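Novice: need coordinates for the below:
(one chain, ligands or ions: 1)
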Amino acid sequence: MWTTASKRFGLASRNSPGTGTEQTLPKPSLPFRTAKRCTDPALTGPRPPRYLRGNAVSQGETELVEVPVDSTTFRSVLGQWPSGVCVVTTIGPHGVHGMTASSFSSVSLDPPMVSVCLGNHLPSHALLGAAGRFAISFLGKDQAHIGRRFAGQDREITDRFAGLEWITTPNGCPVLADAVAWLDCRVAHAYPGGDHTIFVGEVTGAATPRVISPLLFHSRNWGQLADPLPATIRLAVDAPPPDHAGCVPDAFDPDREDDVLDTIGRLAALGLDEIVCVESETTAASPLQVRRVLQDAVVRVRPNHLRVRLNGRNRLALVNALVAMKSGVSRFDVVTADSGLAGLPIDDLLHLAHQLEVDHQLEAETGRSPGAAAGRRPEAHHRPEADRLRSELVQSRTDLAQLRE
Ligand SMILES: Cc1cc2nc3c(=O)[nH]c(=O)nc-3n(C[C@H](O)[C@H](O)[C@H](O)COP(=O)(O)O)c2cc1C
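Specialist: Purely as a prediction, here's the structure:
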């Protein structure tokens, strides 16, 4: 029932007339298998209409008209599908090579396999096919410029790797040192797919070098994950200022962003149930900085929780609370008017939550008494290490304050 398809994977498909200029790759001497095509007439009989468009409406009925899909429509439909962005890299006779791709997909868990579709006319296609190995670097939200560069959109850049830090995988392929994650692959199959080839790679190595949210591509635009609001926020009322090891003081100081994120990551690695980010009592945090820190901090802390203690004395407090919610935070410290404590007034946050249709729970309702907020302490066996991390961070804040003076 099955016959082996052509050994060449640069061929035009049956549906495409071909231009006569398709690339023929060198006959692979590598141990990967090519596609098999089904020839059973029961399965390959007359094909159903391929493209139906309900665009003619008459007297309450929708007529389905068969139309050949034109490339503009096809492209605009594909543009509605959001994807991540990766750089596919390989090694050729002239050194390392890489291209931007959004056609990455996971294929199999056991054995671990992934796929990527490359245009048959591309130099990357020829190089990857000849090398029989490739690597995938997933791009982070701050790497759109790398996506553009490896798509050949920066005309003045001839060496796509110039100025970037990259390392060599065990398979000998380059990967970006600050990719969100990378995979090292050997080509296991190459299937013809119209004017592209579907390369299926067996994954032989993997790493997650940098924790940051991913870069997305949608409608020909680079983007980031949208931010749904939490369904419910949890409020700790009139908790005294936290001074225990699981709290990160002055967490939104832009000059200490790297230190703050690093400390949060290390506290999370200790397994603390909750980490508290505290806004400075003297300097109002900018919403942009709150966003930068929390968006990445939430990812580092997962599956545990991040709590935010904002300073209610500045006019940005509610904006920052909204930004925190949009960044994935759902736990806040709040204060009542007669507590004498500095912090985000509970009435303000409840009003905001009501307007946003976000439910709330006071911590007493969630099994923790409001006063118990002070008891959010790391497990005893983690305390010395958490204390050390926190005092390092406090020291870095003191050093910075002295530098500023
Ligand atoms: C966001 C984005 C995603 C892309 N995805 C793919 C893809 O999956 N497959 C492909 O063949 N080309 C894709 N391209 C186009 C290639 O990156 C581009 O043609 C590149 O120049 C190929 O490199 P090369 O000419 O060195 O082979 C994509 C481009 C962009 C901007």
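
Novice: and what about Arg148, helix, strand or coil?
Specialist: Classification of Arg148 by DSSP: H, G, I helix; E, B strand; the rest coil places it in helix.

Novice: okay, now it: neighbour count?
Specialist: 15 (other CB atoms under 10 Å). Every residue, glycine included, has its C-beta placed from N, CA and C.

Novice: and what of Ser106?
Specialist: Counted with other CB under 10 Å, Ser106 comes out at 11.

Novice: tell me how far it lies from Leu362.
Specialist: Using CB to CB, to the nearest Å, we find Ser106 at a distance of 42 Å from Leu362.

Novice: any idea what the most centrally placed residue in the chain is bridged to?
Specialist: Residue closest to the average C-alpha location in the chain (CA atoms, centre = their mean): Pro214, at 2.0 Å. Beta-bridge partners for Pro214, by DSSP bridges, are Gly140.

Novice: can you verify Asp296 is assigned to a strand?
Specialist: No - the assignment for Asp296 (three-state DSSP) gives helix, which keeps it out of a strand.

Novice: tell me the contacts of it?
Specialist: Val211, Ile212, Ser213, Leu261 (CB atoms under 8 Å, 6 or more residues apart in numbering).

Novice: one more time with 10 Å
Specialist: Contacts for Asp296 (CB atoms under 10 Å, 6 or more residues apart in numbering) come out as Gly140, Lys141, Arg210, Val211, Ile212, Ser213, Glu257, Val260, Leu261, Ile264, Gly265, Ser327.

Novice: hmm, which of those residues are the buried ones?
Specialist: Among these, those classed as buried by 16 or more other CB atoms under 10 Å are Gly140, Lys141, Arg210, Val211, Ile212, Ser213, Val260, Leu261, Ile264, Gly265, Ser327.

Novice: now those in a markdown table, with pLDDT?
Specialist: What follows is the buried ones among the contacts of Asp296, written out as a markdown table (pLDDT from 0 to 100):
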| residue | pLDDT |
| --- | --- |
| Gly140 | 95 |
| Lys141 | 91 |
| Arg210 | 90 |
| Val211 | 84 |
| Ile212 | 85 |
| Ser213 | 85 |
| Val260 | 95 |
| Leu261 | 94 |
| Ile264 | 93 |
| Gly265 | 91 |
| Ser327 | 92 |
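
Novice: tell me how far the spatially closest residue to Ser105 that is not a sequence neighbour lies from Gln153.
Specialist: The shortest distance from Ser105 to any non-neighbouring residue, by CB to CB, 6 or more residues apart in numbering, is to Ser115 (5.1 Å). As for Ser115, its distance to Gln153 is 24 Å (criterion: CB to CB).

Novice: and for Arg313?
Specialist: In terms of CB to CB, Arg313 sits 46 Å off from Gln153.

Novice: who's more crowded, these two?
Specialist: Neighbour totals were compared for Arg313 and Gln153, and Arg313 leads with 14 against 11 (other CB under 10 Å).

Novice: near the ligand, which residues of the chain show up?
Specialist: Residues of the chain lying close to the ligand (CB under 6 Å from any ligand atom) are 85, 99-103, 117-119, 122-124, 147, 151-152, 196, 217.

Novice: make a PyMOL selection of the buried ones in these.
Specialist: Applying 16+ other CB under 10 Å to these, the buried members can be selected in PyMOL as follows:
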select buried, resi 85+99+100+101+102+103+117+118+119+124+147+151+196+217
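
Novice: just the ones of the residues of the chain next to the ligand in strands?
Specialist: Met99, Thr100, Ala101, Cys117, Leu118, Gly119, His196, Phe217 (DSSP state E).

Novice: any chance of those in a markdown table, with pLDDT too?
Specialist: Output for those, formatted as a markdown table (pLDDT from 0 to 100):
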| residue | pLDDT |
| --- | --- |
| Met99 | 98 |
| Thr100 | 98 |
| Ala101 | 98 |
| Cys117 | 98 |
| Leu118 | 98 |
| Gly119 | 98 |
| His196 | 97 |
| Phe217 | 95 |
